[in-house]
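>>> Please work out how this folds:
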Amino acid sequence: MAYEVEAPKYVRLAQTIQQRIEDGTYPPGTRVPSENQLVQAFGMSRPTVVRALELLKRDGWLESRQGFGTIVRGRPAVVEHEDRRGSEALARDETQASGRLVEVGQVPVPARVASVLGLPKRAEVLVRRFLVVEDGEPVELVSSYFPASLVDGTELRSAEPLSGGTRAHLEARKKVRFDHVTEWVSARLPEPGEAELLELPDGVPVLSVLVVASDAAGQALQVSDVLLPADRQELEDTYRLG
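Model prediction:
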């Protein structure tokens, strides 16, 4: 059975706004409709609207100006699209994010994570698993793994949502410094529990973005496995040809 690949709602909204910028509905230099107006016009939740606007700002279509709101810049010379799943996973404030914490505890380290963290195959690590939900639809399952050396003296074991994001928490509590992120994207079939949380039909694969956040010396501080339903995603990149 074939499944139609559809972009998530915030991407579709961003694409609609892009089209209106290109056709002159939202001319350069003018303000885009407010968040409330966009929520009413498109029937989407505020988090979806906010995320769409953030995507357009990141790619250079819009900009925020103090005292003026969100202004149309026009079509960028080059749309430099960058997936930033890693930075989102590191900065996500679980107390404010749309979704819920579904698991916190010690688990056997997955093989890929063990390799990155330099741990033996039978070691255990702490996992914090967060399900991202938008407009009542699960869109991401983020499993973040932490080596034991970084867990003591932190709130990472708490089953309560963590405020401020794991990066800020670890840098404050453990005096470490995150320096760079490496991401690997692959496709696989989900485990039964993953498919249930993401509400996936049988046979639908997931995109797995393995995010490794390291310090300046290359020591991995956090590894996150971000699962995206493949039937609701699309990847886009625009680049210059030399």
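>>> For the most centrally placed residue in the chain, give me its contacts.
Compute the mean C-alpha point of the chain, and by CA atoms, centre = their mean the closest residue is residue 85, 3.9 Å away. Counting by CB atoms under 8 Å, 6 or more residues apart in numbering, residue 85 makes contact with 183, 209, 211, 224, 226. (Each C-beta comes from the backbone N, C-alpha and C, glycine too.)
>>> what's the distance between the last one and residue 112?
It stands for residue 226. Per CB to CB, to the nearest Å, residue 226 is found 13 Å from residue 112.
>>> Spell out which residues are contacts of both of the two.
residue 210.
>>> thinking again about what came up before, ranking the contacts of residue 85 by neighbours, who comes first?
residue 224 (28 neighbours; other CB atoms under 10 Å).
>>> Check for me that it belongs to a helix.
No - under DSSP: H, G, I helix; E, B strand; the rest coil, residue 224 sits outside any helix and is assigned strand.
>>> And it, how close does it get to residue 10?
Plainly put, residue 224 is 20 Å away from residue 10 if you go by CB to CB.
>>> ok, which stretches of the protein are strands?
Remark: strands assigned in the chain by DSSP state E are 62-65, 69-72, 99-108, 124-134, 137-146, 180-188, 206-214, 220-229.
>>> picking up where we left off before, what two of the contacts of residue 85 are the furthest from one another?
Within the contacts of residue 85, 183 and 224 form the most distant pair, 9.5 Å apart (CB to CB).
>>> Identify the contacts common to the two.
The contact lists of residue 183 and residue 224 share 85, 86, 210, 211, where a contact means CB under 8 Å, 6+ apart.
>>> Of these, which is the nearest to residue 230?
Once CB to CB is applied, the member of those that ends up nearest residue 230 is residue 85, at 14.4 Å.
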